[in-house]
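Enquirer: Quick one: sequence plus predicted model below, questions after.
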Amino acid sequence: MAATPEAKVKAKVHARLKQAGAYAVNYIGGAYANNGTPDILACCHGRFIGIECKAGRGKPTQLQLRNLEKIEAAGGLAFIINEKNLEVLDGLEQNTARSNWRDFDRPITDPCAE
């Protein structure tokens, strides 16, 4: 099965995020999912990133735009990416601010472990 045009954009976005050292996942909607959530959720140097991917002349819905605005209002980065503006993600590694909270000792432990 051939990849859809939007899937090709997502693959290119993931490649750039990987190059920047980001953690990224595809958000898959479903019956219990939040509508309008960006296609890709990522974290780069402690900065939350939401990316809505479109192909061709595709445009985000009003709900998708509202969620991207909420991400920015909360201090994250939000992008609408298509084949023509992938370069927006170039330099992401250098341009994501490192937050002061990274200085705190925050070991990842299982609170349910005995």
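Expert: All right, it came through fine. In this text the structure is predicted, and so the values were computed from the model without any measurement.
Enquirer: Which positions within the lengthiest helix in the chain qualify as buried?
Expert: Identified as the longest helix of the chain according to DSSP state H is helix 5-19. In terms of neighbour count (16 or more other Cβ atoms under 10 Å), helix 5-19 has its buried residues at 6, 9, 10, 13, 14, 16, 17. The C-beta positions use only the backbone N, C-alpha and C, and glycine is treated the same way.
Enquirer: now swap in stretch 59-76 and tell me
Expert: For stretch 59-76, by 16+ other Cβ under 10 Å, it's 60, 64, 67, 68, 71, 76.
Enquirer: Near the residue lying closest to the last one once chain neighbours are set aside, how many other residues are there?
Expert: The shortest distance from residue 76 to any residue that is not its chain neighbour, by Cβ to Cβ, 6 or more residues apart in numbering, is 3.8 Å, and that residue is residue 48. Close neighbours of residue 48, defined as other Cβ atoms under 10 Å, add up to 15.
Enquirer: what do you get for residue 45?
Expert: 16.
Enquirer: Now it, what are its backbone angles?
Expert: Here is the backbone geometry of residue 45 (degrees, to the nearest 10): phi 50, psi 40.
Enquirer: looking at it, it is touching residue 77, isn't it?
Expert: No - with contacts counted by Cβ atoms under 8 Å, residue 45 stays clear of residue 77, the gap being 10.9 Å.
Enquirer: Give me the residues contacting the helix or strand of the chain with the lowest mean pLDDT.
Expert: Least confident helix or strand, the chain: helix 92-95 with a mean of 73, by mean pLDDT, DSSP states H and E. Residues outside helix 92-95 that contact it (Cβ atoms under 8 Å, 6 or more residues apart in numbering) are 16, 17, 19, 20, 21, 22, 44, 45, 49.
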